[in-house]
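# Sequence plus predicted model, see below.
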Amino acid sequence: MSYLSQISPDYLEFLRSVYEQDPGQLPASWRYFFDGMELALQENPASAIENSNGHSLSGPATNGHSTNGHTSHEASTRQIVREEAGIMAAELRVLQLIDGYRLRGHLLSDLDPLSRPRGLTAPSLELARYGLDRVDPGQRFQAAQFLGLGPSTLGQIIEHLQKVYCATTGVEFMHISDFEARSWLAEKFEKPQNWIQFSNDERQAIFTQLCQADFFETFLQKNYTGQKRFSLEGGESLVPALQRSIQILAQHNAHEIILGMAHRGRLNVLVNVLKKSFEAVFTEFEGYYPTSGRTGGGDVKYHLGYSSDIQLNGHSLHLALAFNPSHLEAVNPVVEGMTRAKQDRKYNSDRNAIVPVLIHGDAAMIGQGVVPETLNLANVKGYSTGGTLHIVINNQVGFTTSPEEGRSGIYCTDWAKAIEAPIFHVNGNDPEAVVRAVQICCEYRARYNRDAFLDIYCYRKYGHNEGDEPRFTQPLMYEKIAQVKNPRQAYQERLIKEKVLTEERSKEITQQIVGQMEERLGIVRKGPKSFTVDYLKGAWEGLTAPTEEQMLDHVQTPIKKEVVDTVIQTIHQWPADFQPLPKLQKMFETRLASIKETGNVDWAVGEQLAYGSLMTEGYSIRLSGQDSQRGTFSHRHAKLVDFKTEKSYCPLKSFENNSVAFTVLNSPLSEFAVMGFDFGYSLSEPKTLVLWEAQFGDFANGAQVMIDQFVTSSEMKWHRLSGLVLLLPHGSRTRP
């Protein structure tokens, strides 16, 4: 909008004349602008210059002639226009200032709970840049109505903008190209009438959730000193954020939520969000780990998955936390795949019925390549899950690495801009701001089915783990941490000061939470026992895991000749109005004739014969990978393209019905994320043959972490079965 402040008065005069004759000829933005100027002249009568006869220049012009031959009427009219142009130019500059805060206000926001200066400036917000440094302090601007305010002074407008964009929340959303979505977001946090207000009961609930998070960690520290737990201390606002997100997503018809996260705060989330029992957690700390009843011993307690069902106002909601190795963000595509599979089969492609929630660490978020690989799937056909809620536990340090060593940009969430996701950076010591921001994120996700990010600036109390000495590398930071009040303490002081909470009530809450944990620990220590994990539930109900001996048994897989004939004929034909490339048509005709003559089939035909026959038996097929529709070696041609219209036709879809589907996808040029996605898909859909195909066999190396940590170790390490098939064309061969 920089050009607006330089529009010539003559051009504005022309626009004004058009407006007076026929407003409909102007764009809506200019009509609205001139409407506002009429109000501005009414609100600021002092700005209307009067001529020598006492007539207002905004009213009827006087009679008479000027010394240069022009009538006083003409001179007065021109003066009116120029005066109005000056007012309009000032209004436009205020609009520019508002956009400046939308773009750069986050740089001045108060995000660090440790109160350290961020060292950032925003020269683009200086008033002199907009020609507003000499504005009359009493002048009121109609531009304030864009912020949901009445006519306001420049000081009032700036105060409002700083409250919205420069307090404990910094927002990045102007990179979103969808004007309607961008406008919706601006109205949610700019207009006071749209602000989320918390009742006293809601504020006390937030406080109770902070107490649960805080006292759980201190209880473990007291009773299991020295054991690693990767505590949430310093980032306790995550718990009320998750609690509110569950409520809002449930209001928007979510039936399931699948969470993925690394180990920081994982035990706290298990207990206080997924409601895993204290007994189960304490039993693990006592040295008893869950087993599957088969071989394998699982992983450490802060890596294993868990699921539960909760009730919210009569609404049943299934929560699941996916298992995750130490490879931090590796779980991201797995969660997306699990979600998409359930959306496709269980919820008839309803993207709001089940929602993925990914909890990131700041250093891993920006440092791990699987993050942008996974984000790139967000709006890709065949991989989209209708939007993911991302929450970053921003400890402002990665193990021993400071932010300036860990990234090139200002924020760890910069990847989010690539998919045009809104980003809320929030001070973790302001839990109300955290909860308010996550609610907007959830509402945005439900409304637009797109990703949204909540970046909670916090800290970790004990360093990388409870046995670490963080002062080796961040002595000044940990000096601050030793002095700062944690989120629960800071919020407690605030609520008591505002007479929302009493000291007595806070003590009651403390005693109740700690007393319950002491009771459960006593029960566990009287007789701790191991417990069994049953992983053949839900979609896996009725299936059995083979024994090691059975895995070596020969499996009978014959199919009837009529099925063979039907599938082969089907994959070699197309609709009458469809025209494949003549070269391909000739190849198909030759191949089909050869099959009929010799009875021999090549790999491509044998593969599709397997898919088609499985579909006749009631199984769906999902094949995804790089160039999988045609096949890297131009062999598969599972999807044909009309060489004149580029319309596509997939022969194997002829076998689809209400319960059986055939899906073949050209994936993005990714191994790690796409293989992880399809692995996750296979976990939720055991009755679908899920295949991931590398473009070339050695390309699978790009997903080696996924192969090692998930695919090959799924049953032994995570107590989960997966039927994922890896297709590795032109793979590496070992000489005999």
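Thanks, I have it.
# Look up how far residue 400 lies from residue 474.
Here residue 474 is placed at a distance of 7 Å from residue 400 (CB to CB, to the nearest Å). C-beta here means a position set from N, CA and C on the backbone, and glycine is covered the same way.
# pLDDT wise, what is residue 285 at?
Reading off the confidence values, residue 285 has pLDDT 89.
# Likewise for the one 10 residues further on?
According to the predicted model, the pLDDT of residue 295 comes to 45.
# next one: the one 4 residues further on
With respect to pLDDT, residue 299 has a value of 54.
# And for residue 673?
98.
# pretty sure it contacts residue 373?
Yes: here residue 673 reaches residue 373: they are 3.5 Å apart, a contact under CB atoms under 8 Å.
# what residues do these two have in common as contacts?
residue 333 (CB atoms under 8 Å, 6 or more residues apart in numbering).
# Between those two, tell me which one has more neighbours.
More crowded of residue 673 and residue 373, by other CB atoms under 10 Å: residue 673, with 30 against 24.
# ok, the more buried one - contacts?
332, 333, 370, 373, 374, 376, 377.
# Which helix or strand contains it?
helix 672-684 (DSSP states H and E).
# now that helix, how far from the centre of its chain.
18 Å (CA atoms, centre = their mean, to the nearest Å).
# who's more crowded, residue 474 and residue 400?
Taking neighbours as other CB under 10 Å, residue 474 and residue 400 compare with residue 474 leading, 18 against 13.
# Pretty sure that one sits against residue 397.
Yes: using CB under 8 Å, residue 474 is in contact with residue 397, at 6.0 Å.
# Is residue 564 in contact with residue 609, as I believe?
Yes: Residue 564 is within contact range of residue 609, at 6.5 Å (criterion: CB under 8 Å).
# Shouldn't residue 392 be within a strand?
Yes: assessed with DSSP: H, G, I helix; E, B strand; the rest coil, residue 392 lies in a strand.
# which residues does it contact?
Taking CB under 8 Å, 6+ apart, one finds 359, 360, 361, 362, 365, 412, 413, 453, 454, 455, 456 in contact with residue 392.
# With pLDDT added, can I get those in CSV?
Output for the contacts of residue 392, formatted as CSV (pLDDT from 0 to 100):
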residue, pLDDT
359, 98
360, 98
361, 96
362, 97
365, 96
412, 98
413, 98
453, 98
454, 98
455, 98
456, 98
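# Which positions in the helix or strand containing residue 562 come out as buried?
Using DSSP H and E, residue 562 sits in helix 561-570. Buried residues in helix 561-570, defined by neighbour count with 16 or more other CB atoms under 10 Å: 564, 566, 567, 568, 570.
# Can you tell me which of these is nearest residue 100?
residue 570 (61.2 Å; CB to CB).
# So the closest one versus residue 494, what's the distance?
68 Å.
# Tell me how many other residues surround residue 127.
14.
# Can you report how many residues lie near residue 105?
Residues near residue 105, counting by other CB under 10 Å: 22.
# That one: what secondary structure?
Applying three-state DSSP: residue 105 is helix.
# And the one 10 residues further on, by the same measure?
For residue 115, the assignment made with three-state DSSP gives coil.
# hmm, back to that, give the next helix or strand downstream of the helix holding residue 562.
By DSSP H and E, the next helix or strand past helix 561-570 is helix 582-598.
# ok, back up a step: out of the buried residues of helix 561-570, the closest to residue 230 would be?
Of the buried residues of helix 561-570, the one sitting nearest to residue 230 (CB to CB) turns out to be residue 567, at 51.9 Å.
# Residue 118 versus the closest residue in space to that closest one that isn't next to it in sequence, what's the distance?
Distances taken as CB to CB, 6 or more residues apart in numbering place residue 612 nearest to residue 567, at 3.5 Å, with adjacent residues excluded. Look at residue 612 and residue 118: by CB to CB, they are 60 Å apart.
# Neighbour count: those two, which is higher?
Comparing residue 612 with residue 118 by neighbour count (other CB under 10 Å), the higher total belongs to residue 612, at 23 against 14.
# what's the distance between the more buried one and residue 663?
In terms of CB to CB, residue 612 sits 14 Å off from residue 663.
# same deal with residue 211?
Between residue 211 and residue 663 the distance is 47 Å, computed by CB to CB.
# Neighbour count: the two, which is higher?
Using other CB under 10 Å as the criterion, residue 211 and residue 663 rank with residue 211 on top: 22 against 19.
# thinking the more buried one is in contact with residue 486, fair?
No: Residue 211 lies out of contact with residue 486 (CB under 8 Å); the separation is 10.9 Å.
# Surely residue 461 and residue 233 touch.
Yes: if you go by CB under 8 Å, residue 461 and residue 233 touch, sitting 3.8 Å apart.
# Any regions of the stretch 451-600 of the chain where pLDDT drops low?
Scanning the stretch 451-600 of the chain for pLDDT under 70 picks out the ranges 528-535.
# at 80 what do you get?
528-539, 541-542, 544-552 (pLDDT under 80).
# Tell me where it has strands.
Residue ranges of the strands in the stretch 451-600 of the chain, as given by DSSP state E, counting those that start in this stretch, are 452-457.
# Same question for the stretch 1-150 of the chain.
Under DSSP E, counting those that start in this stretch, the stretch 1-150 of the chain gives strands at 140-141.
# Could you check how far stretch 349-365 is from the centre of its chain?
6 Å.
# In it, which residues are buried?
Buried residues in stretch 349-365 (16+ other CB under 10 Å): 351-365.
# so how far is the first residue of that stretch from its last?
With CA to CA, to the nearest Å applied, stretch 349-365 spans 29 Å between its terminal residues.
# same question, stretch 567-583
Start-to-end, stretch 567-583 (CA to CA) is 22 Å.
# which parts of that stretch are buried?
Quick answer for stretch 567-583 (16+ other CB under 10 Å): 567, 568, 570, 571, 572, 574, 578, 579, 580.
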